[in-house]
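In: Below are the sequence and a predicted model for it; my questions follow.
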Amino acid sequence: MEPTRRGGLQLFAQFIRLARAMPTTERRDFVLRKAREGFRANRCVSEVESIAAREHATVMLDQLKIQCDHLNACAKGGILKNGTLVGTKPRGAEALRQWQPPE
C-alpha cells in the first residue's frame, strides 16, 4: 500500500467492504464504527506514525478478513443465530460443570 492519502483511502474502503460482508448488523456496525474511529484518530499524524498506523491497519484488515470468512461459514452452517454462535461444545467453567466421571 502506498504511503499517501490515496493509499489510506483505499485501505479505509477495504474496511468498509469487509464490514458490509459481515453476517450480522451488530458486527457490521461495530466494524464500521471502529474503522471510522481508527482512521479519524490517525488523520493528523507524522510520517513515521503514519507508517506504523498503516502497518497496524493492514494487520487488523487481515484479521478481519479471517473473522469475516469464519462468521459467514458459521452463518451458512446454521451455527450462528441472532449474532451469536450456537451448537458448539461447552468450554471452560461450563464444560467442567457438565463433566460427568466415567462409570
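Out: Happy to help now that I have it. Numbers count the residues shown, from 1 in each chain.

In: Just give the closest residue to residue 49, not the sequence neighbours.
Out: Nearest residue to residue 49, sequence neighbours excluded (C-beta to C-beta, 6 or more residues apart in numbering): residue 42, at 7.4 Å. (Each C-beta comes from the backbone N, C-alpha and C, glycine too.)

In: ranges for the helices of this structure?
Out: For the chain, the helices defined by DSSP state H cover 5-20, 25-41, 47-76, 93-98.

In: re the thing from before, from what I can see the residue nearest to residue 49 touches residue 55, true?
Out: No. Taking C-beta atoms under 8 Å as the definition, residue 42 is not a contact partner of residue 55, at 11.6 Å.

In: So the two - more neighbours on which side?
Out: residue 42 (16 against 11; other C-beta atoms under 10 Å).

In: Quick check, pLDDT for the more buried one.
Out: Note for residue 42: predicted pLDDT of 79.

In: Quickly note the distance from the residue nearest to residue 49 to residue 33.
Out: Distance, residue 42 to residue 33, using C-beta to C-beta, to the nearest Å: 15 Å.

In: picking that back up, mind telling me which of the helices of the chain the model trusts least?
Out: For the helices of the chain, mean pLDDT drops lowest on helix 93-98, to a mean of 62.

In: Nearest spatial neighbour of the residue nearest to the spatial centre of the chain, chain-adjacent residues omitted?
Out: Note on the chain: the residue nearest the mean C-alpha position is residue 64, at 3.6 Å, using C-alpha atoms, centre = their mean. Distances taken as C-beta to C-beta, 6+ apart place residue 18 nearest to residue 64, at 5.2 Å, with adjacent residues excluded.

In: What number of residues are in the vicinity of that neighbour?
Out: Residues lying near residue 18 (other C-beta under 10 Å) number 19.

In: again with residue 71
Out: Burial measure for residue 71: 19 neighbouring residues, criterion other C-beta under 10 Å.

In: Since that was my last question, I'll sign off now.
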